[in-house]
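>>> build me a structure from this.
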Amino acid sequence: MTRCVFLMSALLTATLGSLGCGSAKSDTATAPGLPAKGETSQTLRIAVIPKGTTHEFWKSVHYGAEKAAKELGNVEIVWKGPVLENDREGQIQVVQDFIVQKVDGICLAPLDSQALVEYVSQSAEKGIPVVIFDSGLDREDEIVSYVATDNRKGGELAAHRLAEVMGKMGDAVVLRYNQGSESTFQREEGFLEILKREYPGINILESEEYAGTTPQESLAKAQQVLQKHRDTIDGIFAVCEPNATGVLQALAELELSSKVKFVAFDPNVPLVNGLKDQKVDGIVLQDPVQMGYESVQTIVKHIRGEPVEKRISTGEYVATPENMEEPRMRELLDPPQFGEK
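Here you go, the predicted model:
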């Protein structure tokens, strides 16, 4: 009898011990923030914050970001930004929200080179690394890397192209974009510097007019400037997609398309059609897909302890009516966009 009781007691103890171990194993496997058994790493949540979400350029950046995440594996892209590219406070709020959420990393295209510095610093203090893309910050000491077009070079390419189609003589206008935008500021300054230094036969009629952040605002400003100088203007440079869209429409409405040479920056369907019809004489091109791709690749490599470059250039090109059918130009004139079927 004593032996039987002993055996039953031992069996009960072993069973309870086994249940205890099983419970502990289950808790560990499902604990929040821990990789499941057999996985080499947990899923990284990377916030990608564009300047805006409506223009085609940003949809192509989104495509590149998702492409990188898919290739890397265990990476989730959280895409969010202000609707309009003049909403600094909206973008700041997005950054703050992602800091509170404790995402693993942030890729940010700052609307304002100064206003976002404080919030990038806050992110770094919380241990959330930041890659800046498209447009720079006044301070780069707390960022992982800067991934962008060489915007000054893009502006220089625009100047050379406009000078070429103007015959290196005449009167020209540059329409600026939005105060605080570092990327477009570099384009504007590069453009003006080249014209002043290398093309003395070209006179700058206007260089301080800001066209705004939407095609509608740019249309109104372009109409105003073109009306003012319609008897003398020979060429115009618009420094980004929404500005260029407004200028294209203004030239058509004022019947100046055949008179005024026009160089744009960044493509969309109307501008590419204008290039075909020779109403646009050149489009300076970036590689938005590569920009999104390299930004996500860089932040993830940094998080995983791999070395990364402090500055990464994604290239700049000029499409013209003469070269637009070349394979590389066709690819850049119509880059894939996130959500396309």
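>>> C-alpha from now on. contacts and neighbour counts both.
Noted.
>>> gap between the two ends of stretch 137-146?
Using CA to CA, to the nearest Å, the end-to-end distance of stretch 137-146 comes to 9 Å.
>>> with adjacent residues omitted, what lies nearest to the spatially most central residue of the chain?
Taking CA atoms, centre = their mean, the centroid of the chain lies closest to Asp134, which sits 4.6 Å from it. Leaving out its chain neighbours, the residue that sits closest to Asp134 by CA to CA, 6 or more residues apart in numbering is Ala148, at 4.5 Å.
>>> what about Pro129, how many residues nearby?
Close neighbours of Pro129, defined as other CA atoms under 10 Å, add up to 24.
>>> so it touches Lys102, yeah?
No. Under the criterion of CA atoms under 8 Å, Pro129 is not in contact with Lys102, lying 10.7 Å apart.
>>> checking my notes, Thr53 in a helix, right?
No. Thr53: not assigned to a helix; according to DSSP: H, G, I helix; E, B strand; the rest coil it is coil.
>>> in contact with Glu56: list those residues for me.
Asn268, Gln337 (CA atoms under 8 Å, 6 or more residues apart in numbering).
>>> same deal with the one 10 residues further on?
For Glu66, the set of contacting residues under the criterion of CA under 8 Å, 6+ apart consists of Ile77, Tyr293.
>>> report pLDDT for it.
Predicted confidence (pLDDT) at Glu66: the value is 98.
>>> show me the helices in the stretch 151-300 of the chain, by range?
With helices called from DSSP state H, counting those that start in this stretch, the stretch 151-300 of the chain shows them at 151-165, 182-198, 215-229, 241-253, 269-276, 288-303.
>>> beta partners for the residue nearest to Asp134?
In this entry, Ala148 is beta-bridged to Ser313, by DSSP bridges.
>>> neighbours around it, how many?
Around Ala148 there are 27 residues (other CA under 10 Å).
>>> is it true that it touches Phe133?
Yes. Counting by CA under 8 Å, Ala148 does reach Phe133; the two are 5.4 Å apart.
>>> what about the protein, any weak spots by pLDDT?
The chain contains residues with pLDDT under 70 at 1-41, 341.
>>> domains for it, by residue range?
With automatic domain parsing as the criterion, the domains of the chain are listed as 44-148+288-314, 151-285.
>>> any idea how far apart the tips of the first one sit?
Read that as domain 44-148+288-314. Using CA to CA, the end-to-end distance of domain 44-148+288-314 comes to 24 Å.
>>> confirm for me that the residue nearest to the centre of the chain is in contact with Ser181.
No. Using CA under 8 Å, Asp134 is not in contact with Ser181; the gap is 10.1 Å.
>>> which residues are common contacts for those two?
By CA under 8 Å, 6+ apart, no residue touches both Asp134 and Ser181.
>>> circling back: closest to Gln122 out of the helices of the stretch 151-300 of the chain?
Set against Gln122 and scored by CA to CA, the helices of the stretch 151-300 of the chain come closest in helix 288-303, at 17.1 Å.
>>> show me what the closest one is packed against.
Counting contacts by 3 or more CA pairs under 8 Å, 6 or more residues apart in numbering; DSSP states H and E, helix 288-303 packs against helix 56-72, strand 105-108, strand 130-133, strand 145-148.
>>> same thing but at 6 Å, please
helix 56-72 (3 or more CA pairs under 6 Å, 6 or more residues apart in numbering; DSSP states H and E).
>>> would you mind putting the domains of the chain into a markdown table with distance to Gly339 alongside?
Shown next, in a markdown table, are these (distance: least, CA to CA, whole Å):
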| stretch | distance to Gly339 |
| --- | --- |
| domain 44-148+288-314 | 8 |
| domain 151-285 | 16 |
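>>> how about the ones you listed, which one is nearest Asn323?
Comparing the domains of the chain under CA to CA, the one sitting nearest is domain 151-285, at 9.9 Å.
>>> give me the phi and psi for Val103.
Backbone torsions of Val103, given as degrees, to the nearest 10, read phi -60, psi 160.
>>> in space, what's closest to it - neighbours in sequence excluded?
Val103 sits nearest to Arg45 (CA to CA, 6+ apart), 5.5 Å away.
>>> quick check, the one you found in a strand?
Yes. Under three-state DSSP, Arg45 falls within a strand.
>>> surely it meets Trp79?
No. Arg45 is not in contact with Trp79 according to CA atoms under 6 Å; the separation is 10.4 Å.
>>> quick check: neighbours shared by these two?
Overlap between the contact sets of Arg45 and Trp79, as judged by CA atoms under 6 Å, 6 or more residues apart in numbering, is nil.
>>> those two: which has the busier surroundings?
Counting neighbours by other CA under 10 Å for Arg45 and for Trp79 shows that Arg45 has the greater number, 19 against 15.
>>> bridging residues for the more buried one?
Glu76.
>>> where's it relative to Ser145, distance?
18 Å.
>>> cool, Ala163 as well?
Counting by CA to CA - Ala163 and Ser145 are separated by 34 Å.
>>> out of the domains of the chain, flag the one nearest Met329.
domain 151-285 (8.5 Å).
>>> beta partners for Val284?
With DSSP bridges as the rule, Val284 is bridged to Phe265, Val318.
>>> now it: how far from Asp234?
Going from Val284 to Asp234 by CA to CA gives 19 Å.
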